[in-house]
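*Asks:* Next comes the sequence, and after it the predicted model I'd like to discuss.
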Amino acid sequence: MGNKDDELEKILKELKEEKKSDFSLQVEDAAGKAEDSLPEKKEEAPLKPEITEEPINTIDAEIEADLKEAAQEAAEEEKATAAEEAAPLPFEVVNSNEEEYAEEDIDMPKNNKKVVIIVAAVVVIIAIAVGVYFAFFNKPAEEPTTVPPETTTQETTTEAPVVIMNPLTGSTDFNAEAVGKRPVAVVVENAAAARPQYNMDTPDIIVEGEVEGGITRMLWLYADMTDLPEQVGPTRSARPPYVKFSEFFDSIFVHFGESHSKGAYTGADDVIVADGVDNINGMTTSSCFKRTSDKTSPHNAVLIGSKLVEAIDSKGYRKDLDDASFSVLSFNEKAEKLSETVCNKITLKFSSRTDSHTFTYNADKNVYSNSGDYKQLVEFTNIIVMQVNTEYIVKENYKGSGNNETYCNYNYTNGTGKVASNGTVVDFNWENSDGVLKFTNAATGKELKLNPGRSYLALASANNGSAITVE
């Protein structure tokens, strides 16, 4: 009995060592394979799967427990078999062959049974170990979770291009530094001796109206005071209607002399003072004026455009625009027909005392032109005729000569008018609203829109024989 126990213990020990050795070899082999499958990053620190003693110790404990249990069962069974052998048989065996067979039938299966139990236990233990090995080392690698890259939808905001528009013409080639600055208004003579005027093609707006003696005078408006030609003019003396009109656009008023108050007549000198008009008078400020040699005095005094800003600065005048005092003109983005009424030619007469001007439409250039009245070709996109009530005021003993002078004053309250542009014509209404002009389309009642470009504006005497003819 003792020999069997020793033998069983020896078998169990060998099996245990053999199993442990096999498992270690499998672990080392798996570790080697895992190491070979890893990409080489750095020689000094190869990546290896981390193998702890915990799984082996756990398996050893299970093997030892199972082997002890199997040994215990085998010992108990062997004791039970010995007891059975010692007990008397319930029957007597007669045939020796049968007795021999019965002995084999009893003894041999018992020995085999112990071996079977041990082998079964070993198989179970091996199965458990292999299962643990494959569960640990052959666990399917988790597929990397592919996180789609965040797609941030960037809204492409296309900024609208900054449109720098000339407020007097609607053109988009304006000087950015002149935006928000005051325009200048220059009084220009139109007597026969003053023609042709210098650089008449440069003003943004030319205003023309009657002054006295049946002659007209002009007011040239420039939105950019820094962009005047070298010679502007000939310049001439101020009249109250021109001072007032310049105020509609918050302009710095430029003139060469002024009419003076006397009797019932209020001259430009008192209007300038009363209204606090910022002005440059060539009679007292000579730094930006000169006389030309191709015309005779008093028809040859011209403004030197390049010196105007310096003269304005020397006076300390405000150069920033007062929006509340500026008459805003509205423009189409591009040239359009103003109506369905065709206008190939427009003729205007300022009053019963003046001559007429005719402007003819040039479809190729989309302008109205006049080539004779000013001894030069002049062209405009818009021809604007404002019908304004006028009043004639007599100034007695003009300049002590004993003669009288009759001045034409304009009453800027409200009225009607016509605009010719792009080969068409439309009627409009106008009013003086707190010092600024408002223009509305007579047919629609909406804001009057001009086409982008230079404008000619005629002040026609609504109550003293003006006439407008459209063909």
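*Replies:* On my side now, so go ahead. Only a predicted model underlies this, so the values are computations on that prediction, with no experimental measurement involved. Numbering: from 1, shown residues only.

*Asks:* what kind of secondary structure is residue 177 in?
*Replies:* What DSSP: H, G, I helix; E, B strand; the rest coil gives for residue 177 is helix.

*Asks:* residue contacts, it?
*Replies:* residue 226 (C-beta atoms under 8 Å, 6 or more residues apart in numbering). Just so you know, the C-beta spots here come from the backbone N, C-alpha and C atoms, and that holds for glycine as well.

*Asks:* pLDDT value on it, please?
*Replies:* Looking at residue 177, its pLDDT stands at 96.

*Asks:* cool, and residue 400?
*Replies:* So, for residue 400, pLDDT stands at 80.

*Asks:* so how far is residue 424 from it?
*Replies:* 52 Å (C-beta to C-beta, to the nearest Å).

*Asks:* what's across from residue 421 in the sheet?
*Replies:* For residue 421, the beta-bridge partners are residue 424 (DSSP bridges).

*Asks:* which residues does residue 341 contact?
*Replies:* By C-beta under 8 Å, 6+ apart, residue 341 lies in contact with 424-426, 470.

*Asks:* so where is the protein shaky, pLDDT-wise?
*Replies:* Within the chain, the segments meeting pLDDT under 70 span 1-158, 160-161.

*Asks:* how about the helices in it?
*Replies:* 2-37, 54-86, 96-137, 240-247, 268-275, 308-315 (DSSP state H).

*Asks:* Pick out whichever of residue 400 and residue 424 has more residues nearby.
*Replies:* Neighbour comparison, residue 400 and residue 424: the larger count goes to residue 424, with 19 against 6 (by other C-beta atoms under 10 Å).

*Asks:* show me the contacts for that one.
*Replies:* Contacts of residue 424 by C-beta under 8 Å, 6+ apart are 337-343.

*Asks:* again, 10 Å this time
*Replies:* 336-344, 361, 451, 470 (C-beta atoms under 10 Å, 6 or more residues apart in numbering).

*Asks:* Next: residue 276.
*Replies:* residue 247.

*Asks:* for the one 10 residues further on, same thing?
*Replies:* Listed by C-beta under 10 Å, 6+ apart, the contact partners of residue 286 are 301, 311.

*Asks:* what are the phi and psi angles of it?
*Replies:* When quoted as degrees, to the nearest 10, the phi and psi of residue 286 stand at phi -90, psi -10.

*Asks:* Look up how far residue 251 lies from it.
*Replies:* As for residue 286, its distance to residue 251 is 21 Å (criterion: C-beta to C-beta).

*Asks:* Equivalent analysis for residue 397, please.
*Replies:* Taken as C-beta to C-beta, the span from residue 397 to residue 251 is 33 Å.

*Asks:* Looking only at neighbour counts, state which of these two leads.
*Replies:* Using other C-beta under 10 Å as the criterion, residue 397 and residue 251 rank with residue 251 on top: 26 against 12.

*Asks:* How much space separates the residue nearest to that one when sequence neighbours are not counted from residue 220?
*Replies:* Spatial nearest neighbour of residue 251, chain neighbours left out: residue 185 (3.9 Å); criterion: C-beta to C-beta, 6 or more residues apart in numbering. Distance of residue 185 to residue 220, computed by C-beta to C-beta: 7 Å.

*Asks:* These two - which one has more neighbours?
*Replies:* Using other C-beta under 10 Å as the criterion, residue 185 and residue 220 rank with residue 185 on top: 28 against 25.

*Asks:* wouldn't the more buried one be in contact with residue 228 here?
*Replies:* No: here residue 185 does not reach residue 228: they are 11.7 Å apart, not a contact under C-beta atoms under 10 Å.

*Asks:* ok, residue 214 - contacts?
*Replies:* The contact partners of residue 214, by C-beta under 10 Å, 6+ apart, come to 350-355, 406, 408.
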